[in-house]
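>>> any chance you can model this:
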Amino acid sequence: MKTLFLLLFLSLASMMTFAQTTAFIGVNVVPMDRERVLANQTVIVRNGVIAEIGDAKKVKVPKDAIRVDGGGKYLIPGLVDMHTHLLSDSDEYPDSIAPDELRVMIANGVTTVRFMIGTPELLSLRSRSAKGEITAPTIWVASPHLTGREQGNNFVVKSEEDAREAVRKSKASGYDFIKVTTFVPVPIYEAAVDEAAKVGIRVVGHADSRFVTAAGAWKARQQIEHLDGYMEQILRDDAPMKGSVSDLYMSNPKNWESIDFIDECKIAVVAKKSVEANPFSDPTQHFFKNTFALPRSEESIRAQPDFKFYPKKVQDQWLSWYKRAALITQVSLERKAKWIDARNKLIKAIHDNGGKLMTGSDTPEFLWLYGFGLHHELKALRDAGIRNYSALAAGTRNPHEFLGSLSKAGTVEKGKAGDLVLLNKNPLDDIAATYDRAGVMRKGKYYTQSELNGWLDVIAPKIAGSYVEHKPTTGQ
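Here you go, the predicted model:
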């Protein structure tokens with residue numbers, strides 16, 4: 001009887017959330033249908049959906065509406081993180097902290113996420129989010145990753161039949177994508193791609209530069225993460241090596257010698273091939289650039305607002321890594337700068353060739369936390385030469401176009417989801433404006449940033465205090 005009452009209560013609570021009416025009054029709308037700002041608008045959100053947008057002087061505000069003063073502020077679609085994970089995915093943190101982890105994302109304006117290594121717990125969270133049982137982003141979940149070696153939560157595929165069975169199991173379990181990573185021989189990879197096409201599920205993930213390669217992934221029309229395998233494609237023809245600095249292979253300082261043999265003339269060709277194979281690209285540029293190439297001091301890390309979410313042991317482990325890892329101590333800043341420059345030029349060339357960039361944070365590894373990391377990625381795309389509007393599109397409409405949900409979300413338009421972020425400044429002038437939020441709306445319920453910051457203050461010690469034991473591993 002108690003269980004039945006609880007379920008009824010949760011259902012009624014969910015209905016009450018959707019029944020709420022909110023009016024953003026006198027706000028500047030950045031609709032993201034094209035590059036423009038609609039000045040001095042009133043936006044009415046009712047039952048979790050945008051019901052009306054119009055001139056603030058003409059739109060009548062319902063008497064029962066919650067009024068949000070939008071004067072001088074800018075309303076954008078909710079942000080999307082296309083490559084993230086949870087601390088609770090690992091054995092070192094309990095599953096019980098997952099709802100709080102998801103609230104951290106909401107507090108940062110991230111209203112849709114794609115988890116890139118699936119677990120049954122993530123599928124459960126996806127369902128609970130959809131039902132309104134938890135305050136969380138809309139969730140998409142890739143499968144446990146297909147790999148040729150044991151690497152945690154994965155399918156180890158040693159044969160073509162292994163690959164096909166992994167795809168069938170993932171589809172049957174309800175995962176949204178098939179995730180591939182490393183050490184998968186070409187015939188086994190191709191079997192997975194073939195089976196995925198048969199059962200109707202898309203393949204995403206890595207392009208192992210020593211097995212499938214970027215060219216192999218392009219042939220399969222896979223959506224590639226991290227620009228994996230692209231550096232190998234832009235080496236000079238006379239380079240004394242075939243491998244370069246992608247994925248797992250960047251940790252070996254010897255591989256960085258390849259950076260001296262980059263042929264920039266190949267960048268445009270590689271970008272064109274990439275877009276022709278699959279226009280969607282998720283470079284996770286901030287994570288790679290700021291973790292493995294740019295100097296990161298202990299002082300700067302400790303100053304990060306997300307640093308407090310990690311327990312002291314984890315903080316110390318990563319701080320030590322940044323001081324002692326071979327990648328940090330043995331690779332010159334000059335080579336790292338060339339690597340960043342090449343990645344920036346690839347990103348810009350993909351965009352210029354009509355590619356659809358998407359934002360992915362690849363958090364919470366290396367003391368970069370989900371939610372916070374998405375804003376760093378927007379800035380990293382801008383720093384790669386992408387205009388502010390295009391960077392914002394990478395974090396809003398482009399992912400929804402890829403996910404097939406653009407008819408429901410990704411722009412600020414009548415009939416679209418009430419997943420919105422209210423900014424204090426115009427992101428089309430400076431994409432860093434997304435750091436400075438006045439509030440966030442999720443499923444039509446509005447939270448002031450002051451309230452959200454209160455969440456973060458409470459959640460940080462809960463997550464840090466839940467830690468059991470941690471062994472640093474590179475994100476997938």
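
>>> any idea which helix is longest in this protein?
Scanning the chain for the longest helix, with DSSP state H as the assignment, gives helix 333-352.

>>> residue boundaries of the strands in the stretch 1-150 of the chain?
Using DSSP state E, counting those that start in this stretch, the strands of the stretch 1-150 of the chain run over 21-29, 38-46, 49-55, 66-69, 74-77, 79-84, 110-115, 138-141, 145-147.

>>> redo these as TSV? Include mean neighbour count and distance to Lys345.
Where C-beta positions appear, they are placed from N, C-alpha and C, glycine not excepted. Formatted as TSV, the entries for the strands of the stretch 1-150 of the chain read as follows, by neighbours: other CB atoms under 10 Å; distance: least, CB to CB, whole Å:
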stretch	mean neighbour count	distance to Lys345
strand 21-29	22	34
strand 38-46	20	34
strand 49-55	17	38
strand 66-69	15	42
strand 74-77	25	28
strand 79-84	28	21
strand 110-115	27	26
strand 138-141	22	30
strand 145-147	25	29
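
>>> can you tell me which of those comes nearest to Lys425?
Of all these, it is strand 74-77 that lies closest to Lys425, at 6.8 Å by CB to CB.

>>> give me the sheet partners of that closest one and which way each runs.
Partner strands for strand 74-77, per DSSP bridges, with pairing direction: strand 21-29 (parallel), strand 420-423 (antiparallel).

>>> next, the contact list for Gln20, please.
Taking CB atoms under 8 Å, 6 or more residues apart in numbering as the contact definition, Gln20 lies against Arg46, Asn47, Ile66, Gly444, Lys445.

>>> so can I have a markdown table of these showing pLDDT and distance to Gly454?
Converted to a markdown table, those look like this (pLDDT from 0 to 100; distance: CB to CB, whole Å):
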| residue | pLDDT | distance to Gly454 |
| --- | --- | --- |
| Arg46 | 97 | 27 |
| Asn47 | 95 | 27 |
| Ile66 | 97 | 18 |
| Gly444 | 97 | 21 |
| Lys445 | 97 | 16 |
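
>>> just flag the most distant two among those residues.
Asn47 and Ile66 (13.4 Å).

>>> in stretch 427-437, what's buried?
Judged by neighbour count (16 or more other CB atoms under 10 Å), stretch 427-437 contains these buried residues: Pro427, Leu428, Ile431, Ala433, Thr434, Tyr435, Arg437.

>>> out of the residues you listed, which sit inside strands?
Arg437 (DSSP state E).

>>> related to what we said a few turns ago, so what strands line up beside the next helix or strand after the longest helix of the chain?
Sequence-wise, the next helix or strand downstream of helix 333-352 (DSSP states H and E) is strand 356-357. Each strand paired with strand 356-357, and its direction, by DSSP bridges: strand 280-281 (parallel).

>>> send me the helix or strand just after the partner strand as CSV with only the CA atoms.
Heading C-terminal from strand 280-281, the first helix or strand you meet, by DSSP H and E, is helix 285-292. Taking only C-alpha atoms (Å, rounded to 0.1, in the frame of the first residue of the first chain), the coordinates of helix 285-292 have been written out as CSV:
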residue,chain,number,x,y,z
GLN,A,285,38.8,19.8,-27.8
HIS,A,286,39.0,21.4,-24.4
PHE,A,287,39.6,18.1,-22.6
PHE,A,288,42.5,17.1,-24.9
LYS,A,289,44.1,20.5,-25.2
ASN,A,290,44.0,21.5,-21.5
THR,A,291,44.7,18.0,-20.1
PHE,A,292,47.6,16.9,-22.3
